[in-house]
Structures are given as C-alpha cells and as structure tokens.
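Peer 1: no sequence on this one, just coordinates:
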C-alpha cells in the first residue's frame, strides 16, 4: 500500500493555504458558487470527469480506473454558517456574518488533496471513486437534494466514506464507531390556540402562555421518565413566541424545538409521549394544539466492518496517537441520506489543540482547528478509499 501519510505531508503547505483561502470566503448553503468553482476547476485539472450544479451547487467528480471494480463514494461538505466570526487571525472571514465554524473548509481541502493523491493512479485502479462535494449540510437538505438529482446513480456506489474534523477530540485522535454515531434529528413546531383578553381579567381568557409553561415543564419528563436510561435521546425547546403587549393575554403561542434519537423505537416513544403531553396539557388548559414535525436527517449508522477497517488503517498512520470506537454525538449529519442507501463509514478526525486555544466547539464564533489534522484526514481518507480500488 502506498505511503499516503507521506504523500499528504507533501501537500500540507498547499492544504493550509487552500483551507485559509476557503475560510476567508465562506458561503452559506446552496450559495457555494465560489467554492464549487474552485472544486470543479481543480478536479478538471486532474483529468477527473466533473458534473456541476448537482443539488443546485454540488460538484461530483468521477475518477474511473482502467479495470472494472467497485465504485466508492467520498463525501465532503462545503457550506458555512450564519455566524459573525470572532477570531483575529490573518485568514478571518471576509464575508460579514458568515463563517466556517464547523470545519467544512477543511473538509473541502481534504477532498481535493485526496483527489490529488489518487488521480495519478487511475491506471492501477480497479473500480471508480466518486468525489461528492456537497452543499447545504447545515440543516438545509443538501444531501437529499443531491440524492434526488442522481448522485447515487450512474454509476451506483457500493460503499461510502465521509469524515469530520472534530474539535471534541484532540489532534492525533481518530474515531470510527460501529453502528449509530450521529443522531436522527426532528424539528417540531407546536401552535397553541386559546382565547385572548385583557391582562387584568385572565378569568375571561383561555391563556395559551400558561399552557405553554405547563407543556415545557411536562416535556422534561419524556427523556427522564420514558426513555430507557441505557438509550439516548434529547428533547430541547429552543423558541417560545407569544404576545406583544404587557397588558394583553394573546390568542395563541408557539413552541419550536428539536428532538434527537439514535434508534427508531426510541423516536417512536418520544413522539408518542410528546403528542400525549402537548395535547393533554393543552386540553387541560382549555386550549387546542397542533403539532408539526419535520425530519431533518435520519441517524448516521456506520457499517461495522467498514468502521473496523478505518480503525485498522488509522492505527498505522504516524500522526495518529489514539484510535477510538465510541465517539457518538446527538448532533446530526445529512450524510445519513446517502449512507441509508449504501453501506458507509463516517469517521471523526481529532482537530482540537487546547494549548494553542484551538478547542472552541463547533458553531462557536471562535471555532478554529489544528491544521495538522488536514494531513491526518487526507491520508486516512485516501488510504481507506484506496483499500477498495487499488489492488
């Protein structure tokens, strides 16, 4: 097997420059025009067949070997977040109110480096690599859009790989977990209809604000009292809206929030109890309730043999100091839409460095990461892909 770590090291200076350029020019979901242009241009220069505009701003590159074999999908997300950056580096965002606060600038950089390492080896390849640069991962449905537009067809991948630079883990750590590693995410909206009136005469109203208060409190029992303590679930109320004036009890109120689960049966329990509590408490407060759900993503579920292979490969990399098999998060990832159709492994590459102050969490205005993780991520992704197509 080729020494992909040494190859990645030879690209490290270029990768850091690329990542910092992308960091200076972040783009929100479905607006990644500049980023997609850079990706398409780089892939074209490598002689890789390119499709653009897949899922609006997505880019797909197909690297076919000289011999038949499996097609392996490699996914890299491109979008940034609507966050005002608080870092004071020389590569701080130049797009006001938009920031790469989740490492996707690093993911694009890694994907292009993997293409650079593997494109010259197409004559040795049996099969194909499908490089998928995905828009709009941050809750806007980019993966689903690419699936609708045929990213899993012509040719159909047999396996998939994706990674995330992960500031929960220190630099040098890698984790590939068997089974669920990122949660399914549901968004909910609850609208309560009551009867408004004067704040001085609450007895003449059916107060939706009192109903909301009771519902929020009661919903805290769903995970605590209805989900097995050995399972995992999160239910969070993130927005309450009602009323405008200090002396007016409003007609209606609205709740917004999310719940996260790994297993379908746990989700069923959460949904059942959620609806019972909302409707029951609203009724007791003489209000009516309507509930709407929106499934943001299914759970990311790793194929166990593939995860084991990634761990095995990670242990051989010089930059890796620890390999774990138990990193799970209630955060969600729409790579799940691709992995629910084809077996895959989604792995985490540690990128935090507390000594350098590079340990702020994802989606924080001061998020940044140890750029040495680019080399580890590129080497591991290239090695994992090569395992299937370089025989």
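Peer 2: Here it is on my side, so go on. If you're wondering where the values come from, they're calculated on a predicted model, not measured in any experiment.

Peer 1: tell me the contacts of the residue lying closest to residue 11 once chain neighbours are set aside?
Peer 2: Spatial nearest neighbour of residue 11, chain neighbours left out: residue 113 (5.1 Å); criterion: C-beta to C-beta, 6 or more residues apart in numbering. (Glycine included, C-beta is placed from N, CA and C.) Neighbouring residues of residue 113 by C-beta atoms under 8 Å, 6 or more residues apart in numbering: 8, 11, 14, 15, 374, 378, 382.

Peer 1: what about the helices in this protein?
Peer 2: Taking DSSP state H as the test, the helices found in the chain are 4-10, 12-24, 33-45, 104-118, 142-148, 208-226, 264-284, 304-314, 336-339, 372-389.

Peer 1: got the angle for the last one vs helix 104-118?
Peer 2: Interaxial angle of helix 372-389 relative to helix 104-118 (axes from the mean of the first three to the mean of the last three C-alpha atoms, to 10 degrees): 50 degrees.

Peer 1: so helix 372-389 versus helix 12-24, what angle?
Peer 2: 110 degrees.

Peer 1: can you list the strands that the helix or strand bottoming out on mean pLDDT in the chain pairs with?
Peer 2: Every helix and strand in the chain was compared by mean pLDDT, DSSP states H and E; the lowest is strand 288-297, with a mean of 93. Strand pairing for strand 288-297, determined by DSSP bridges: strand 184-193 (antiparallel).

Peer 1: list the contacts of the residue most central in space within the chain.
Peer 2: Nearest to the mean C-alpha position of the chain, counting by C-alpha atoms, centre = their mean, stands residue 333 at 3.1 Å. Contacts here follow C-beta under 8 Å, 6+ apart; on that basis residue 333 touches 137, 162, 164, 182, 297, 300, 346.

Peer 1: try 10 Å
Peer 2: Residues near residue 333 by C-beta atoms under 10 Å, 6 or more residues apart in numbering: 75, 77, 137, 143, 162, 164, 181-183, 185, 296-300, 339, 346.

Peer 1: quick check, pLDDT for it.
Peer 2: pLDDT, residue 333: 96.

Peer 1: any stretches of the stretch 151-300 of the chain with poor pLDDT?
Peer 2: Judged by pLDDT under 70, the stretch 151-300 of the chain has no weakly predicted residues.

Peer 1: bridging residues for residue 179?
Peer 2: residue 302.

Peer 1: ok, the closest residue to residue 307 other than its chain neighbours to residue 325 distance?
Peer 2: Leaving aside its chain neighbours, residue 307 sits nearest to residue 176 (4.2 Å; criterion: C-beta to C-beta, 6+ apart). To residue 325, residue 176 is 7 Å away according to C-beta to C-beta, to the nearest Å.

Peer 1: neighbour count: those two, which is higher?
Peer 2: residue 176 (28 against 15; other C-beta atoms under 10 Å).

Peer 1: any idea how far the more buried one is from residue 204?
Peer 2: Residue 176 is 61 Å from residue 204, by C-beta to C-beta.

Peer 1: go on, residue 340?
Peer 2: 52 Å.

Peer 1: between those two, tell me which one has more neighbours.
Peer 2: Neighbour count, other C-beta under 10 Å: between residue 340 and residue 204, residue 340 has more, with 14 against 11.

Peer 1: the more buried one reaches residue 298, doesn't it?
Peer 2: Yes: the pair residue 340 and residue 298 passes the contact test of C-beta atoms under 10 Å, sitting 5.6 Å apart.

Peer 1: report pLDDT for residue 1.
Peer 2: Reported pLDDT for residue 1: 65.

Peer 1: picking that back up, who touches both of residue 176 and residue 325?
Peer 2: Joint contacts of residue 176 and residue 325 (C-beta under 10 Å, 6+ apart) are 302, 304, 307, 308, 310, 311.

Peer 1: and these, which are buried?
Peer 2: Neighbour counting over the shared contacts of residue 176 and residue 325 (16 or more other C-beta atoms under 10 Å) leaves 302, 307, 310, 311 as the buried ones.

Peer 1: residues in contact with the first one?
Peer 2: With contact taken as C-beta under 10 Å, 6+ apart, residue 302 is in contact with 176-182, 308, 310, 325, 339, 343-347.

Peer 1: re earlier: any chance of the buried ones among the shared contacts of residue 176 and residue 325 in a markdown table, with pLDDT and distance to residue 257 too?
Peer 2: Output for these, formatted as a markdown table (pLDDT from 0 to 100; distance: C-beta to C-beta, whole Å):
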| residue | pLDDT | distance to residue 257 |
| --- | --- | --- |
| 302 | 98 | 27 |
| 307 | 98 | 31 |
| 310 | 98 | 34 |
| 311 | 98 | 35 |
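
Peer 1: now the two most distant members of those residues.
Peer 2: 302 and 311 (10.7 Å; C-beta to C-beta).

Peer 1: which residues are in contact with both of the two?
Peer 2: What both residue 302 and residue 311 touch, as defined by C-beta under 10 Å, 6+ apart, is the set 176, 177, 178, 325, 345, 347.
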